[in-house]
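Colleague: structure for this input, please:
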Amino acid sequence: MKTLLIIRSASMQQLDKNLMEIEKRFSDHEIHMLTHEHSIKLVEKYKSIKQIYVYPYKSGFSAGNKVDELRGKEFDAVLIPVTNITGAGFFNVLRFSLTLRAKQRFICNLISDIWEVTSGEIRWMGIKNVLMSIASAILAGIAGIFVLLVLPWKLKQIERKGE
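Modeller: Numbers count the residues shown, from 1 in each chain. Prediction:
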């Protein structure tokens with residue numbers, strides 16, 4: 001049987017909304033879940049989830065945090081539930097998913113739309129994030145130069161004209 005690992009990155013209420021569509025879309029998969037320790041009891045209520053893995057860190061999902069329990073395991077699919085329409089803001093979870101052996105990766109959004117995201121697309125998101133950070137830093141630097149150098153000079157010119 002195929003296996004699906006859900007990385008619980010959204011609230012339990014979100015999972016309640018998405019699970020029926022996930023079960024329908026992945027009806028030929030055994031469903032497993034990776035979750036933080038504090039939500040194990042809540043996840044146990046779902047009969048369709050056959051295996052629960054514990055993310056042994058208090059912080060959010062990070063590619064630098066390894067889960068020993070998943071070492072050596074391969075999943076047919078990994079799914080990341082997100083609490084919006086586009087999946088924006090969940091790059092850390094998508095990046096974490098790259099540390100797991102999986103044939104496919106999927107995002108499930110707020111309204112239970114499910115779509116595949118490739119490893120290349122996740123890496124491209126990371127590159128875009130870095131490029132946006134660089135562009136923001138450059139623009140902030142230009143604005144800082146303007147405020148610190150040009151604005152006082154302009155104010156002095158206006159003051160001189162007023163004398």
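Colleague: distance check, S136 against A88.
Modeller: Plainly put, S136 is 16 Å away from A88 if you go by CB to CB, to the nearest Å. (Glycine included, C-beta is placed from N, CA and C.)
Colleague: now do the end-to-end distance for stretch 111-124.
Modeller: For stretch 111-124, the separation between the terminal residues is 25 Å (CA to CA, to the nearest Å).
Colleague: tell me the helix or strand right after the top helix by length along the chain.
Modeller: Criterion DSSP state H: the longest helix present in the chain is helix 119-145. Heading C-terminal from helix 119-145, the first helix or strand you meet, by DSSP states H and E, is helix 151-162.
Colleague: got the contact list for that following helix?
Modeller: For helix 151-162, there are no external contacting residues (CB atoms under 8 Å, 6 or more residues apart in numbering).
Colleague: could you pull out the helices in the chain for me?
Modeller: Going by DSSP H, the chain shows helices at 12-25, 40-43, 91-97, 119-145, 151-162.
Colleague: okay, stretch 128-141 in CSV with CA atoms only?
Modeller: Taking Å, rounded to 0.1, in the frame of the first residue of the first chain, the C-alpha atoms of stretch 128-141 are listed here in CSV:
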residue,chain,number,x,y,z
LYS,A,128,13.0,34.0,-4.8
ASN,A,129,13.0,34.6,-1.1
VAL,A,130,16.7,35.3,-1.1
LEU,A,131,16.4,37.6,-4.1
MET,A,132,13.5,39.5,-2.5
SER,A,133,15.6,39.9,0.7
ILE,A,134,18.5,41.3,-1.2
ALA,A,135,16.3,43.7,-3.2
SER,A,136,14.6,44.8,0.1
ALA,A,137,18.0,45.4,1.7
ILE,A,138,19.2,47.5,-1.3
LEU,A,139,16.0,49.5,-1.4
ALA,A,140,16.2,50.1,2.4
GLY,A,141,19.8,51.2,2.0
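Colleague: what number of residues lie near S62?
Modeller: If you count neighbours by other CB atoms under 10 Å, S62 ends up with 14.
Colleague: got a list of what it touches?
Modeller: Residues near S62 by CB under 8 Å, 6+ apart: 92, 95-96.
Colleague: and the residue nearest the centre of the protein?
Modeller: Residue closest to the average C-alpha location in the chain (CA atoms, centre = their mean): F90, at 2.0 Å.
Colleague: where are the low-confidence patches of the chain?
Modeller: Applying pLDDT under 70 to the chain picks out residues 162-163.
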